[in-house]
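Chemist: sharing a model that was predicted from the sequence below.
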Protein chains: 2
Amino acid sequence: MAEQHELREKGLRLTPQRELVLTAVRELGHATPEEVAEKVRQTHPGINLSTVYRNLETLENVGLVQHTHLGHGGATYHAAEELTHLHLVCGKCGAVGDAPIDVAANFVQTLADDYGFKTDVTHFAIYGLCAACNVKN
Amino acid sequence: MAEQHELREKGLRLTPQRELVLTAVRELGHATPEEVAEKVRQTHPGINLSTVYRNLETLENVGLVQHTHLGHGGATYHAAEELTHLHLVCGKCGAVGDAPIDVAANFVQTLADDYGFKTDVTHFAIYGLCAACNVKN
DNA sequence: TTGTAACTGCAAATAATTGGCGATTAGTGT
DNA sequence: ACACTAATCGCCAATTATTTGCAGTTACAA
């Protein structure tokens, strides 16, 4: 019993649905619950949306995924491992780009020093225009 | 007819509801549609939520207000004049603090230079812990 | 005034998310 | 291998947030 599945290590039961949701989040990078469900259904059609929501919540509780409010409508989820970058959300085309967090290191430090505000980089969403949209604007 | 009301200047009809919504947004600093409605109802009880939603949208179209997705659930609106600061959203207590945009100037510049991403500072929401929550944490 | 398009209120329609509950199933102990 | 129990699932009704259709009202120009 040396090999413990990562989900079991967190005290969670290892169900196919759960595993599929986690895998989907990892493969998608970032996605809404709806998108995760769609992805999962490609291999497991019967899965219920509620199940996806509940598993996302559960997985978030144990720290395997996180959610952010990138834009309109819904939250988007991404794997915890992925939390090494910022999300650059294009307000025009909706594309989500990435940038390493250290581009913000200085900024974060300033906020901490001057405002006592401890920025949560994992919850960072930045709006603007992506390079592509910027050109044709 | 020298004095044109700001709303009329934008080509909008000057209705009491519209004016109240705009005033409420300005007084509240930032608020959800729900909160705006509540505020407006203090002086004009009959106003309908749809009307608030529609006016916020209309006012946003002409550039008098803007919205951001500060947290969960809903968008929050604020007056366009107010757009000289960043929003520091506390993930714990929900408080929304402000910081002048120039603390981000450097950061914004980096994103522009390195990623071609044109950051929209008016749509900036930063998550973390506010000073108060940070202490007792 | 009077006409007309903009605007409002209301109620029903959507969309997104959550909660209840009986049926199922993973994981434990035998 | 078998039974047990709580975790989890699927289905579906309930919320919550926002949007839309439409008929009645109103701002404002002529």
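Modeler: Structure received.

Chemist: going forward, measure contacts between C-alpha atoms and count neighbours the same way
Modeler: OK.

Chemist: what about chain A, any weak spots by pLDDT?
Modeler: Applying pLDDT under 70 to chain A flags residues A:1-3, A:71-73, A:83, A:122, A:136-137.

Chemist: in three-state terms, label the closest residue to residue A:93 other than its chain neighbours for me.
Modeler: Excluding the flanking residues, the one nearest residue A:93 by C-alpha to C-alpha, 6 or more residues apart in numbering or on different chains is residue A:133, at 7.1 Å. When the structure is split into helix, strand and coil by DSSP: H, G, I helix; E, B strand; the rest coil, residue A:133 lands in helix.

Chemist: so residue A:133 sits against residue A:92, correct?
Modeler: Yes: with contacts counted by C-alpha atoms under 8 Å, residue A:133 reaches residue A:92, the gap being 6.9 Å.

Chemist: these two: which is more packed in?
Modeler: Set side by side, residue A:133 and residue A:92 show unequal neighbour counts under other C-alpha atoms under 10 Å in any protein chain shown, the larger going to residue A:133 at 18 against 13.

Chemist: which residues are in contact with that one?
Modeler: For residue A:133, the residues meeting the contact criterion (C-alpha atoms under 8 Å, 6 or more residues apart in numbering or on different chains) are A:90, A:92-93.

Chemist: could you single out the nearest of those residues to DNA strand D?
Modeler: The shortest approach to DNA strand D among the contacts of residue A:133 belongs to residue A:92, at 16.2 Å (C-alpha to the nearest atom of the strand).

Chemist: what is the burial count for the residue nearest to that closest one when sequence neighbours are not counted?
Modeler: Nearest-residue entry for residue A:92: residue A:129, 6.5 Å, with adjacent residues in sequence omitted and distances by C-alpha to C-alpha, 6+ apart. Counted with other C-alpha under 10 Å, the neighbours of residue A:129 add up to 24.

Chemist: any idea what residue A:129 is bridged to?
Modeler: With DSSP bridges as the criterion, residue A:129 is bridged to residue B:118.

Chemist: any idea how far DNA strand D is from it?
Modeler: As judged by C-alpha to the nearest atom of the strand, to the nearest Å, residue A:129 and DNA strand D stand 21 Å apart.

Chemist: out of the contacts of residue A:133, flag the one nearest to DNA strand C.
Modeler: Closest to DNA strand C, out of all of the contacts of residue A:133 and judged by C-alpha to the nearest atom of the strand, is residue A:93, at 16.5 Å.

Chemist: pretty sure the closest one belongs to a strand, no?
Modeler: No: secondary structure of residue A:93, determined by three-state DSSP: coil, with no strand assignment.

Chemist: count of neighbours near it?
Modeler: Residue neighbour count, defined by other C-alpha under 10 Å, stands at 11 for residue A:93.

Chemist: done for today, thanks.
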